[in-house]
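next one to model:
(chains A, B, C, D, E and F)
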Protein chains: 6
Amino acid sequence: MLAFGAHPDDIEFGCGGVIAREALLGRVVRLVVCSRGEAGTNGTPAQRAREARRAASLFGATLEFAELGGDAHFEVRPGYAIRLAAIIRRVRPAVVLAPSVVPNQHPDHVALGRLVRDACRLARYGGLRELRRQQPHAVGQLFYYAVTAEAEPTDLGRVLVDLSAPGVVAAWRAAMEAHGSQLQTRNYVELQLTRARLHGLRAGLAQATPLFFADPLVVDSLAALGRAARRF
Amino acid sequence: MLAFGAHPDDIEFGCGGVIAREALLGRVVRLVVCSRGEAGTNGTPAQRAREARRAASLFGATLEFAELGGDAHFEVRPGYAIRLAAIIRRVRPAVVLAPSVVPNQHPDHVALGRLVRDACRLARYGGLRELRRQQPHAVGQLFYYAVTAEAEPTDLGRVLVDLSAPGVVAAWRAAMEAHGSQLQTRNYVELQLTRARLHGLRAGLAQATPLFFADPLVVDSLAALGRAARRF
Amino acid sequence: MLAFGAHPDDIEFGCGGVIAREALLGRVVRLVVCSRGEAGTNGTPAQRAREARRAASLFGATLEFAELGGDAHFEVRPGYAIRLAAIIRRVRPAVVLAPSVVPNQHPDHVALGRLVRDACRLARYGGLRELRRQQPHAVGQLFYYAVTAEAEPTDLGRVLVDLSAPGVVAAWRAAMEAHGSQLQTRNYVELQLTRARLHGLRAGLAQATPLFFADPLVVDSLAALGRAARRF
Amino acid sequence: MLAFGAHPDDIEFGCGGVIAREALLGRVVRLVVCSRGEAGTNGTPAQRAREARRAASLFGATLEFAELGGDAHFEVRPGYAIRLAAIIRRVRPAVVLAPSVVPNQHPDHVALGRLVRDACRLARYGGLRELRRQQPHAVGQLFYYAVTAEAEPTDLGRVLVDLSAPGVVAAWRAAMEAHGSQLQTRNYVELQLTRARLHGLRAGLAQATPLFFADPLVVDSLAALGRAARRF
Amino acid sequence: MLAFGAHPDDIEFGCGGVIAREALLGRVVRLVVCSRGEAGTNGTPAQRAREARRAASLFGATLEFAELGGDAHFEVRPGYAIRLAAIIRRVRPAVVLAPSVVPNQHPDHVALGRLVRDACRLARYGGLRELRRQQPHAVGQLFYYAVTAEAEPTDLGRVLVDLSAPGVVAAWRAAMEAHGSQLQTRNYVELQLTRARLHGLRAGLAQATPLFFADPLVVDSLAALGRAARRF
Amino acid sequence: MLAFGAHPDDIEFGCGGVIAREALLGRVVRLVVCSRGEAGTNGTPAQRAREARRAASLFGATLEFAELGGDAHFEVRPGYAIRLAAIIRRVRPAVVLAPSVVPNQHPDHVALGRLVRDACRLARYGGLRELRRQQPHAVGQLFYYAVTAEAEPTDLGRVLVDLSAPGVVAAWRAAMEAHGSQLQTRNYVELQLTRARLHGLRAGLAQATPLFFADPLVVDSLAALGRAARRF
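Numbering: from 1, shown residues only, chains lettered A, B, ... in the order given. Below is the predicted model:
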């Protein structure tokens, strides 16, 4: 599983519960952070990179940084999409996570969501000269996460990942709290836990995180979606 | 699995491939047909009921008829929704299939989709006097199918059921052809197979049928959606 | 051409310019009014029926009344849709006009739009017992009109009918003014002319009325849409 | 202010914070409950009516019951809309609150939202024979509330009512807890407080409730929306 | 209040009525024009700048020019968004007006709307090196205006500003007419007055201009929206 | 008629049936291909350019290449839009075809659709210094085509072009097969013919291709849309 974040704390805040869940199940998780948060109000770039590394290590995930023009300077340019496609070809993930492209949020989130979407397509084409040395790769499914509730798309398919298993929320919380520089002025941890609680309550679960997808899920049979039987 | 159809052939034409797939996997499938097609251009009600029974038996599915006012006379009334909720409480399915509620199609299809949607909710409430003798039941997931391509919703989550396994399309075709009275003037079988072929081609499969859902899928982990890894 | 209106003045106010245009071109126009406006603030039913007849005669159109439960009491019931389908089978029009189904307007308008939509479908089916004596008929195209600007759909295809030809606007205005009982308290004539002027100005025309359609237009070639060449 | 609820607890759960806020500011609040919850899993009709009366009295609001076919049996019929219009003409409110019409929720909520929407229109027309004795009344603004998070419309204008003033949340909680029969099996109070907390956190407030509107707000100047200046 | 326009006449044509209204109420209004219309069919850049200055002075508003690549060359680039954020930090407005981002209009309008949207977000972040010397500022509310009727969003909240007060429309008309170079070939003044008349007629007002917003309005109580009581 | 494609085969695969139809009717067709497919998996740029030329000659259409940054590198930049506007001013077409802007497809297709949309607007403005030597031109109507079924917009007006006339599908198939380098690994020809068959079956035609439009069609009368009479 490969997750992209615009700023050092976006993955943890936006889909850290899912990361924690998958990591606890033993899935290999790789994080790519595309800035050092250098335009944020609090925290130096070095400090924020340290926080991101610590959060990743709490998940047992790898972390690398990518460069898309710098914090608050992301642009949807083919060169950047190809850069992300190169990472996708190297990592060769089945599942990719990226911030949603809902317009009314931080412009870097929108830009990154679009870039990852384009990168997933470009990773499949054989002739891109910048990627000549890498084998094309077809991502299985791209899921969008929402960094905040405003960023939850309302026109896409939605999967709710149950975070109720023991240890998941604790691991998620620890990863969020690793971003100490961001917790001085606003209660982001509470915001995210409240959001997960609300999604959970709606589905009869303790906590849950929604993910969103545009390309249809392909299944061998509906039995593959068997959890549905216990849904309400 | 419980599937509802407005007219004797709607289930076969709209989601017969899915029925065939699930039946071949050994899943118990129950069909409920809500009219005898008495307003159709071709076929008598008795003939059409026979055709529906024959199609169901080809699937190895059970079939029953329900009454919602008669062909071309379906109405979205609570009494009818409660009638369908009674069937749901009796059958107690994990998965329910119903025609989509996209407005621009046969009004009975829209009405039935709405009635089943309401019925799934009402099946859960304990105090309904008409259903007093039945235990409430929570359906796991309601999927909509599209009787024709026009009826495919564009604003809901989408699952693509692979029909490539041996025997699935043949079983589906046989079930459609059981509705001989409907095949005299238009080539509905070709229409549906063309539609399934197009959906399949888009996903690199031989044939596929899309299903649509409004309530989010709940999963224990993304591994539950593991087919995604082989998606393109 | 067959146009349906919920109240005696709806056709004139909502698409009277189009009616005037087509009538001046010699096309046979038939109007069906589905109440006598008996719940309106001004005008008696008898007076309003007279006004509608006079407006129709100014267009050179025929007029008949239909009954759908009475003013402010329209319901979307199959019996009513079938009643309208019977009119469609009798008149056998290529083009049908009905009020749009945008929710936030007079409930009768929404109901009538839905009823006509259903009626166009039902008019095609051979087995409806209520219509047994009439030959099925397939309407060429259903266009929605908007009784007021709020009722203009924003998610449907749009055709702009040019009202610039000599005499069209004058004929339209006369037909609106035939509804004298409705012009005592609000300036509906100005409202509609302002709306047509605004639509016209946007397209470089003197006046225009938009019509809306859900089913795609079918054309032999793009040359059939040749006016497009002079669009801007 | 006039608020409509489908079941005895819907107003309290869906917009009780707003009611509490307005009541504390001295505004006259009238509640209309359209069933006694007789189809619910818990609580007898008599018990639930008592709970509703107690909740209303905690707000200092009046309460009356209306009849729209019974719990789980609401229908969108003109007769019911006119019945609600009669209440509107009697109460003559500037602001009306009703449940949203988002389809994927309890069918009674959708039906009531539509009935109130229609009732607001019908309250203005002079000729309705059932309402002949009442002066027409034009509601200032209809706001929809969402009984649950699923019911929040995503395509309407949105106002966020700040619940941070002293006493508001406590009064709201007390009114919700008055519905003791509904709190035995699910934690609805926590669900609603979590929802209000999430909306609040997003806007930098302690708690907030969103309301939704379709007809544009009319203002004398933007200064009327002056709170905006302190928005983030 | 801070209003942005892409070309020298966009503010006057698109929301000049609102500017006139607010200015007449004594509110400080600042206009930022982001090109000199150098790609337009009529008028030299110098002439158009003069016209814009004259229009601003008629409003009693200040005017400055910004540079976003030149007329017909606007791009959505972070550098430009930051440039606009710098203006926002300097002016520190509660309300910002920008052209809507509806796609099917002049590309500069779309680009400017997006840039202002991003700028409002970036103005709040503390670490942007380009803005290091300016205190972060949180805009109260961003409203979009529509330069033409085509550009009116249909999926956002809507406020209708009443222009009926004495002098407002006259001041607006004068400001539009200050752009004499643009009035030689098309009747833009009539277009805008017709549009305002239509919006007004729909709400029972003489003239009105709609504004649109994505972020919810935050209010202390519904009384803050009290004009609603006189809405129809 | 002027058609734009991102890659050498996009026009043929996406709207080749329409091109074939119009060409067979004697209409002058000009194709503009905006890359040589140099990032594709199969085929060299030289080979692909040859294939495009051959396909164009089969249609009897002219072909030219334009440069928008290279395959997989298209960007929505004003300079590129102006470049396309220059072609539009030179060719002066009534009808323009461009790929749709539905987000979830190849990023070049989205970018080209946006660039052509902007170019159609910019072609009309008199003062663009890059285009100073060319007379402004107003395109009659811009139609979008969908390179694949995923790219079909669901929120725009839709025209279905009948491909049933003798020779049309054969000519289309030949033009697709001219792109031999692209047919080694996937059955694109079958995909497109299946899509056209499905659209045709839905409308009672042998084959059909949908085109999509945002700006309303302007007509002198509904008789201009006369084919509608034979629609079902």
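
and the residue of chain A closest to chain F?
A:Gly126 (3.0 Å; Cβ to the nearest Cβ). All C-beta spots, glycine's among them, are computed from the backbone N, C-alpha and C.

hang on, that residue in a helix?
No: with DSSP: H, G, I helix; E, B strand; the rest coil as the criterion, A:Gly126 is assigned coil and is not in a helix.

pretty sure it contacts F:Gly37?
No: using Cβ atoms under 8 Å as the test, A:Gly126 is too far from F:Gly37 to be in contact (11.1 Å).

who's more crowded, those two?
Neighbour count, other Cβ atoms under 10 Å in any protein chain shown: between A:Gly126 and F:Gly37, F:Gly37 has more, with 29 against 14.

the more buried one in helix, strand or coil?
Going by three-state DSSP: F:Gly37 is coil.

one more: A:Leu225?
Reduced to three states by three-state DSSP, A:Leu225 is helix.

show me the shaky parts of chain A.
A:224, A:226-232 (pLDDT under 70).

contact residues of it facing chain D?
A:148-150, A:154, A:187, A:190-191, A:194-195, A:197-198, A:201-202 (Cβ under 8 Å from any Cβ of the partner chain).

which one (most neighbours) among those?
A:Arg195 (26 neighbours).

what residues does the helix or strand harbouring it touch?
Assigned by DSSP states H and E, A:Arg195 falls within helix A:188-203. Helix A:188-203 is touched from outside by A:9, A:13-14, A:16-17, A:148-149, A:160, A:162-164, A:169, A:173, A:176-177, A:179, A:182-183, A:205-210, A:231-232, B:216, B:218, D:148-150, D:187, D:190-191, D:194-195, D:197-198, D:201-202, with contacts defined as Cβ atoms under 8 Å, 6 or more residues apart in numbering or on different chains.

biggest separation within the residues of chain A next to chain D, which pair?
A:Thr154 and A:Asn187 (25.4 Å; Cβ to Cβ).

for whichever residue of chain A sits closest to chain E, give its distance to D:Gly200.
Chain E sits closest to A:Thr41 of chain A, with a gap of 3.1 Å, by Cβ to the nearest Cβ. In this view, A:Thr41 and D:Gly200 are 21 Å apart by Cβ to Cβ, to the nearest Å.

same check, this time on A:Asp118
Counting by Cβ to Cβ, the gap from A:Asp118 to D:Gly200 is 36 Å.

higher neighbour count, the two?
Neighbour comparison, A:Asp118 and D:Gly200: the larger count goes to A:Asp118, with 25 against 22 (by other Cβ under 10 Å).

that one: which element?
helix A:107-122.

list of residues touching the helix or strand just after that helix?
Using DSSP H and E, the next helix or strand after helix A:107-122 towards the C-terminus is strand A:141-145. With contacts defined as Cβ under 8 Å, 6+ apart, strand A:141-145 is touched by A:3, A:14-15, A:18, A:94-101, A:113, A:116-117, A:120, A:153, A:156, A:159, A:209, A:211-215, A:217, B:222, B:225, B:228-229, B:231.

mind doing that once more with 6 Å?
A:14-15, A:95-98, A:100, A:120, A:211-213, B:228, B:231 (Cβ atoms under 6 Å, 6 or more residues apart in numbering or on different chains).

the closest residue to chain B within chain A bridge partners, please.
Distances between chain A and chain B by Cβ to the nearest Cβ are smallest at A:Gly157, namely 2.6 Å. Taking DSSP bridges as the rule, A:Gly157 bridges to A:Phe213.

ok, the one 5 residues further on next?
On the basis of DSSP bridges, A:Asp162 takes part in beta bridges with A:Ala208.

and it, what is it in contact with?
Applying Cβ under 6 Å, 6+ apart, the residues near A:Asp162 are A:205, A:208, B:220.
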